[in-house]
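Asker: Starting from these lines, generate the structure:
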Amino acid sequence: MSQTPPGPHVAIVGTTASGKSALALELARRDPSIEIVSVDSMQVYRGMDIGTAKPTPAERAEVPHHLIDVVDPWEDFTVAWFAREARRAVAEITARGHRALLVGGTGLYLRAVVDDLQVPGRYPEVRAALEADPDTVGLHRRLRELDPVAAGRMEPTNRRRVIRALEVTLGSGRPFSSYGPGLDVYPPSRFHLVGVRLPHEVVARRIAARYEQQMAAGFLDEVRRLLAHPRGMSRTARQALGYRELIAHLEGEASLDEALELAVRRTRRFARRQASWFRRDPRIRWLDADEDPAALLPALEAEVERAGGNPRRPAPGVGHTGR
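Answerer: Alright, predicted model coming up:
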């Protein structure tokens, strides 16, 4: 893992609908040395534009963006693939003398990039055999024999983690623990991590309002076009929030109102999970706004300048917690 001190690159994190993408775009408009790297597991897909709240073509022409529209919606991709491409983008940005601004809410993808995680491969046949065994504690005993370090990092009853560790250990031929200390360790990073945070009820309202805007912009027609393609959509793409529910509607499983209500509810739950994930990272410096994320722009600009070695005092009247 990288042990380098924080450098000029910055990562802005936060829940969906927290306004972080708009803030990043405005920062890049003010500083031409900034290039944006999307850390969103669904904006990688071509044609999935409205439902992923992807930057518009005009915005992308104005400010360089990376890792948007890089795979087709019928293709699957892995965290390891994403991390490799993101690291390549950051290296190219650095070589140009510019600064990378990572923006997104896909927590695992962000950790893979900012912490240079070694992401183990997948071994479906091994996993299928393990999942056929209902004895989770017995599987943990087996893991303890093969990789006691990994076994000591998890509860014997945590079936998901036990099976994943065994899958990698058996499939790769090397201990799962050899891939690094895991997600519970937060080492020094070359990225300065900043979080954008709004009250839960404000995020909930913004999620509902965004779905209304997306529907008015033609979200349903976008999903219909994707489904009509001869190669369809991959399992991963079909599970994207909003798309999953509208697909169910188009396939006759729900009314449009029911699909949208479910999409809003699931997205709000997802936002709570994102908040919980990021809250565990002690390296994130949080910026809090009561209602309008645009109010955070001066403080966020100060954080970006601080990361670049040009410290400024935080803007008055903006909440700061964290590091």
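Asker: Could you report the separation of residue 56 from residue 278?
Answerer: 26 Å (CB to CB, to the nearest Å). C-beta here means a position set from N, CA and C on the backbone, and glycine is covered the same way.
Asker: Those two: which has the busier surroundings?
Answerer: Neighbours around residue 56 and residue 278, counted as other CB atoms under 10 Å, are more numerous at residue 278. The numbers are 20 against 10.
Asker: What pLDDT does the model give the more buried one?
Answerer: What the model reports as pLDDT for residue 278 is 96.
Asker: repeat for residue 72
Answerer: For residue 72, the pLDDT comes out at 97.
Asker: Confirm for me that it is in contact with residue 226.
Answerer: No. At 10.2 Å, residue 72 does not count as touching residue 226 under the criterion of CB atoms under 8 Å.
Asker: what is in contact with these two at once?
Answerer: Shared contacts of residue 72 and residue 226 (CB atoms under 8 Å, 6 or more residues apart in numbering): residue 47.
Asker: So which of these two has more stuff around it?
Answerer: Shown here are residue 72 and residue 226; by other CB under 10 Å, residue 226 has more neighbours (23 against 15).
Asker: Other residues contacting whichever helix or strand the more buried one is part of?
Answerer: Following DSSP states H and E, one finds residue 226 within helix 219-228. Under the contact criterion CB under 8 Å, 6+ apart, helix 219-228 has outside partners 47-51, 73, 211, 232-233, 237, 242-243, 246-247, 249-250, 256.
Asker: same question, stretch 229-243
Answerer: For stretch 229-243, contacts defined as CB under 8 Å, 6+ apart pick out 16, 41-42, 45, 48, 51-52, 72-77, 211, 214, 219, 223, 226-227, 244, 247, 263, 266-267, 270.
Asker: Then stretch 148-163?
Answerer: 127, 130-131, 136-137, 139-141, 143-144, 165, 169, 175-177, 182, 184.
Asker: Buried only: go through those for me.
Answerer: With burial judged by 16 or more other CB atoms under 10 Å, the buried subset of the contacts of stretch 148-163 is 127, 130, 136, 139, 140, 143, 165, 169, 175, 176, 177.
Asker: What is the burial count for the closest residue to the fifth one other than its chain neighbours?
Answerer: Closest residue to residue 140 apart from its sequence neighbours, by CB to CB, 6 or more residues apart in numbering: residue 156 at 3.9 Å. The number of residues packed around residue 156, counting by other CB under 10 Å, is 15.
Asker: Look up phi and psi at residue 156.
Answerer: phi -60, psi -20 (degrees, to the nearest 10).
Asker: Pipe the buried ones among the contacts of stretch 148-163 into JSON lines and attach distance to residue 115 per row.
Answerer: What follows is those, written out as JSON lines (distance: CB to CB, whole Å):
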{"residue": "127", "distance to residue 115": "25"}
{"residue": "130", "distance to residue 115": "27"}
{"residue": "136", "distance to residue 115": "28"}
{"residue": "139", "distance to residue 115": "27"}
{"residue": "140", "distance to residue 115": "26"}
{"residue": "143", "distance to residue 115": "23"}
{"residue": "165", "distance to residue 115": "19"}
{"residue": "169", "distance to residue 115": "21"}
{"residue": "175", "distance to residue 115": "19"}
{"residue": "176", "distance to residue 115": "17"}
{"residue": "177", "distance to residue 115": "16"}
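Asker: Which of these fall in strands?
Answerer: Here DSSP state E is the test, and the buried ones among the contacts of stretch 148-163 give no hits in strands at all.
Asker: Just give me the closest of the residues you listed to residue 282.
Answerer: If you rank the buried ones among the contacts of stretch 148-163 by distance to residue 282 using CB to CB, residue 177 comes first, at 22.3 Å.
Asker: Any figure for the gap between the closest one and residue 131?
Answerer: Residue 177 is 21 Å from residue 131, by CB to CB.
Asker: again with residue 285
Answerer: Computed as CB to CB, the residue 285 to residue 131 distance reads 40 Å.
Asker: ok, now residue 143?
Answerer: Residue 143 sits 14 Å away from residue 131, going by CB to CB.
Asker: Now for this structure, the helix or strand with the poorest mean pLDDT.
Answerer: Scoring the helices and strands of the chain by mean pLDDT, DSSP states H and E places strand 319-322 at the bottom, with a mean of 46.
Asker: Just give me the neighbour total for residue 212.
Answerer: The tally of other residues near residue 212 (other CB under 10 Å) stands at 12.
Asker: residues in contact with it?
Answerer: Not one residue lies near residue 212 by CB under 8 Å, 6+ apart.
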